[in-house]
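>>> pasting the sequence and the predicted model now:
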Amino acid sequence: MKPLTLLLFLVSLIIFTSGCAGPSVQTTVTPTPTVPVLITESVTIAPSSSAVPTTITTPLITAIASAHTVILQGAGDDVRSFTVTNGGIVTFDIKSSGTASFIIWVEDSQGNRINQIVDKTGAYSGTYSERMDEGNYYLDITDNGPWNITITSPS
């Protein structure tokens, strides 16, 4: 009977010091465009009620979230081409210091108008996002001053 009692005591001691339910686990995903994304696992271990819990964070997966960026600069009316290499959300960061009508149309590879993304008068600064398929596109720009357009799409 003594070996069985000793075995039960040791098993109970191990369970008590390591936690009955096991360690608590928290998975965190922190995505940041165009930089590495680190997915970590945090494990908190509380060996006994009198000990201070210890948190250990270990990397599980490192992935790269990347984007394709095109910068267009010009002044006045213009038509500029750009390519979406992988379909998804495309973001247009647009600035103009013109004083008259500022209009931008997105056109498909055949020159057909898809969507008007800006229709303002005077200086403008704004962002527009749209889901677009892979392919070649044009921006038909009407303005009387200098403009700058940064297009960011999935790569």
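That came through, no problem. No experiment lies behind these values; they were computed from the predicted model shown.

>>> can you check the distance spanned by stretch 81-96, start to finish?
End-to-end span of stretch 81-96 (Cα to Cα, to the nearest Å): 18 Å.

>>> oh sorry, the question was meant for stretch 105-123
Using Cα to Cα, the end-to-end distance of stretch 105-123 comes out at 17 Å.

>>> ok, which stretches of the chain are helices?
Applying DSSP state H to the chain gives helices spanning 2-18.

>>> can you give me the strands in it?
Secondary structure of the chain (DSSP state E): strands at 24-29, 36-45, 54-64, 67-75, 78-84, 88-96, 101-107, 113-121, 124-132, 135-142, 146-154.

>>> mean neighbour count and mean pLDDT added to those strands, as a markdown table?
Placement of C-beta: from N, CA and C, glycine included. A markdown table is the format used below for those (neighbours: other Cβ atoms under 10 Å; pLDDT from 0 to 100):
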| stretch | mean neighbour count | mean pLDDT |
| --- | --- | --- |
| strand 24-29 | 11 | 35 |
| strand 36-45 | 14 | 46 |
| strand 54-64 | 10 | 48 |
| strand 67-75 | 14 | 92 |
| strand 78-84 | 15 | 95 |
| strand 88-96 | 18 | 96 |
| strand 101-107 | 18 | 98 |
| strand 113-121 | 14 | 97 |
| strand 124-132 | 13 | 96 |
| strand 135-142 | 17 | 97 |
| strand 146-154 | 19 | 95 |
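
>>> okay, domains of the protein per the record?
When the chain is parsed with automatic domain parsing, its domains come out as 22-65, 67-154.
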